[in-house]
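Visitor: need the 3D shape of this:
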Amino acid sequence: MKSLRSRAIYKLLRLIGSPFDENTPITQQRAYLERQSKFLRMPSKVEIQDIAIGDMYAEWVSPPMARNDRAILYLHGGGYTMGSCNTHRAMVARISVARQAPVLLIEYSLAPENPFPAALEDAIKAYHHLIDHGTDPRRTVIAGDSAGGSLVVALAVSLRDKSEQLPAGIFCISPWADLTISGESYSTCSKTDPMLSRETSLLHASWYVGENDPKSPLISPVFADLSEFPPMLIQVGEYEILRSDSVRLAEKARQAGVDATLEIWDGMWHLWHAFAGFMPESQRAIERIDSFANEILNQ
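Guide: You can find the predicted model right below:
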């Protein structure tokens, strides 16, 4: 049963509207998302360390007494066109606290200024930074939400195809895994999703895809070969238009022999995790990341 707080927040989101708006310039959409993120709660005593990976800005987000034998690489969402460390820092901080592990949060290149493959190249660069600085891939989880959730899968495909060592696990929140926008929930959930619409998805997809084929496995992982992947956990809300993307991605992974767990959360919307500190469903979803990592690392 949904909590009273989650019901109230869902109604509020439907009232105030989404930062994704096909009729608004991308600069204004980005600014709106940045303003909204200021209302999210940071957990106490989490440390933020600014770093540069080449010319890319990134942050180490670490809880008190973080364990250094584990790490998470996190790729934020935002339709490949929006999002930053600012918009995702509070949620990532709560993931770091739950996991008691440092999280590397990066600001990859955004479309339309930097279409595919710029974001993927930045993700690869960040992963190499982790490994080159002593992080053991066997103790690492790569994670992301929405566009970032798809990007971590594309990252794993790229690493595998280059015969590089894969991380221990992959965690995806509502991955935007099909930029052809062909899933059934783009229509069936059009009236329940307070954040995304088919129209905005088509626009942002066109900005990211550019002149490339949207069915490319590095753009839309539902068309990728996912064999040899580590265990995956995919979480998605019942009410969101990306639900079918998550279902199809999990099915594709299982067909390839991957240990893939799909969780469809009743009554939840796109990236409900961001409201940890306000509603219990968000914190429970974040705690599942830790239990998933514990399972795959046998801790």
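
Visitor: for the stretch 51-200 of the chain, what spans make up the strands?
Guide: 56-62, 71-75, 103-106, 140-145, 169-173 (DSSP state E, counting those that start in this stretch).

Visitor: mean pLDDT, mean neighbour count and distance to residue 239 added to the ones you listed, as JSON lines?
Guide: Every residue, glycine included, has its C-beta placed from N, CA and C. Converted to JSON lines, these look like this (pLDDT from 0 to 100; neighbours: other Cβ atoms under 10 Å; distance: least, Cβ to Cβ, whole Å):
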{"stretch": "strand 56-62", "mean pLDDT": "98", "mean neighbour count": "21", "distance to residue 239": "28"}
{"stretch": "strand 71-75", "mean pLDDT": "97", "mean neighbour count": "26", "distance to residue 239": "23"}
{"stretch": "strand 103-106", "mean pLDDT": "98", "mean neighbour count": "26", "distance to residue 239": "26"}
{"stretch": "strand 140-145", "mean pLDDT": "98", "mean neighbour count": "27", "distance to residue 239": "16"}
{"stretch": "strand 169-173", "mean pLDDT": "98", "mean neighbour count": "27", "distance to residue 239": "14"}
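
Visitor: any chance of CSV for these, columns distance to residue 229?
Guide: Below are the strands of the stretch 51-200 of the chain laid out as CSV (distance: least, Cβ to Cβ, whole Å):
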stretch, distance to residue 229
strand 56-62, 25
strand 71-75, 16
strand 103-106, 21
strand 140-145, 11
strand 169-173, 7
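
Visitor: need the three-state assignment for the closest residue to residue 248 other than its chain neighbours.
Guide: Of all residues not flanking residue 248 in the chain, residue 222 sits nearest, at 4.7 Å (Cβ to Cβ, 6 or more residues apart in numbering). Taking DSSP: H, G, I helix; E, B strand; the rest coil as the rule, one finds residue 222 in the helix state.

Visitor: and residue 222, how many neighbours?
Guide: Applying other Cβ atoms under 10 Å, we find 26 residues neighbouring residue 222.

Visitor: quick one: the helices in this protein?
Guide: With helices called from DSSP state H, the chain shows them at 4-16, 26-37, 85-99, 118-132, 147-161, 185-188, 198-209, 243-255, 280-297.

Visitor: how about these in CSV, adding mean pLDDT?
Guide: As requested, the helices of the chain are exported to CSV (pLDDT from 0 to 100):
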stretch, mean pLDDT
helix 4-16, 94
helix 26-37, 95
helix 85-99, 97
helix 118-132, 97
helix 147-161, 98
helix 185-188, 97
helix 198-209, 97
helix 243-255, 98
helix 280-297, 94
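
Visitor: and of those, who's closest to residue 43?
Guide: Smallest distance to residue 43 across the helices of the chain (Cβ to Cβ): 5.2 Å, for helix 85-99.

Visitor: compute the inter-axis angle for the closest one and helix 280-297.
Guide: 60 degrees (axes from the mean of the first three to the mean of the last three Cα atoms, to 10 degrees).

Visitor: apart from its neighbours in sequence, what residue is nearest residue 64?
Guide: Leaving aside its sequence neighbours, residue 64 sits nearest to residue 45 (Cβ to Cβ, 6+ apart; 4.9 Å).

Visitor: touching, the one you found and residue 62? I think so.
Guide: No - the criterion here is Cβ atoms under 8 Å, and residue 45 misses it with residue 62 at 9.9 Å.

Visitor: let me know how buried residue 28 is, in neighbour terms.
Guide: 11.

Visitor: report how many residues lie close to the residue lying closest to residue 231 once chain neighbours are set aside.
Guide: Residue nearest to residue 231 in three dimensions, not counting chain neighbours: residue 259, with 4.2 Å by Cβ to Cβ, 6+ apart. Taking other Cβ under 10 Å as the criterion, the count of residues near residue 259 is 14.

Visitor: residue 259 and residue 121, how far apart?
Guide: 28 Å (Cβ to Cβ, to the nearest Å).

Visitor: and what of residue 232?
Guide: 23 Å.

Visitor: these two: which is more packed in?
Guide: residue 232 (25 against 15).

Visitor: surely that one touches residue 168?
Guide: No - counting by Cβ under 8 Å, residue 232 stays clear of residue 168, with 11.1 Å between them.

Visitor: quick one on the thing from earlier: go through the helices of the chain and name the closest to residue 105.
Guide: Of those, nearest to residue 105 by Cβ to Cβ is helix 85-99, at 5.1 Å.
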